[in-house]
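> quick one, what's the 3D model for this:
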Amino acid sequence: MLFGNSSCWFAIQVKPGLEFKISSVLKCKGYEESVPKYRLSDRDGRYAEKPLFPGYIFCRFDPAVRAPIVTTPGVIRVVGYGKTPAFLSDSEMDAVQTVVSSNLPAKPCCYEVPGQRVRITEGPLRGVEGNVAQTGDQRRLIVSLTLLHRSIAVEVDPAWLEIVRNDSRS
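Here you go, the predicted structure:
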């Protein structure tokens, strides 16, 4: 990473539809960036890549040096509280990156999805935690970015699931 020595991920709100272009510009400026994506097929069987978090990209940078980020055409703002950028949870970003790198089909979904808190114990998502939603025989792991109030869903094998117990009541 060329700029700063921050290891935190920040969310950058961008004009929808420009996520990949802005990500490319930031990469050319020397930043580590990420646009988690999924494949969507149309009626003709062709595929298009779409961002899992439309209108947002993720970037590591020194929050004290935001000018090169916010002056990039198409960038709306760095997500935060007032003028203070808010970093994303490492565990949430790690979970999103694990889902994306697993090559399992993931899709955006509603943020407020009720479900049991689980941990994946096997397969390509081993170690990822989230909520599980059930539709018929299908189980979907819901992984959320709390700061953005956005979630993604990926279908998982029920045998991979372990309930996460809340030990605070013991």
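
> which ones are touching the residue nearest to residue 31 when sequence neighbours are not counted?
Nearest non-adjacent residue to residue 31, counting by Cβ to Cβ, 6 or more residues apart in numbering: residue 59, 5.2 Å away. Bear in mind the C-beta positions are built from the backbone N, C-alpha and C, glycine included. Each residue near residue 59 by Cβ atoms under 8 Å, 6 or more residues apart in numbering is listed here: 9-10, 12, 26, 31-34, 69.

> over to residue 145?
11, 53, 88-89, 92-93, 96, 151.

> quick one: which of these is nearest residue 138?
Among those, residue 151 lies closest to residue 138 (Cβ to Cβ), at 16.4 Å.

> please work out how many residues are found near the closest one.
23 (other Cβ atoms under 10 Å).

> surely it and residue 144 touch.
Yes - assessed by Cβ atoms under 8 Å, residue 151 is found in contact with residue 144 at 4.2 Å.

> could you give the mean pLDDT of the helix of greatest length in the chain?
The residue-count maximum for a helix in the chain (DSSP state H) belongs to helix 90-101. Averaging pLDDT along helix 90-101 yields 95.

> right, and the helix or strand after that helix?
Sequence-wise, the next helix or strand beyond helix 90-101 is strand 106-109, with elements assigned using DSSP states H and E.

> output the contacting helices and strands for that next one.
In this structure, strand 106-109 makes packing contacts with strand 37-41, strand 150-156, judged by 3 or more Cβ pairs under 8 Å, 6 or more residues apart in numbering; DSSP states H and E.

> residue 119: which of those is closest?
Going by Cβ to Cβ, the one of these nearest residue 119 is strand 150-156, 11.2 Å.

> distance to residue 163 and mean pLDDT for the helices and strands packed on strand 106-109 - can I get that in JSON lines?
Supplementary listing: those in JSON lines, determined by distance: least, Cβ to Cβ, whole Å; pLDDT from 0 to 100:
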{"stretch": "strand 37-41", "distance to residue 163": "27", "mean pLDDT": "89"}
{"stretch": "strand 150-156", "distance to residue 163": "14", "mean pLDDT": "95"}
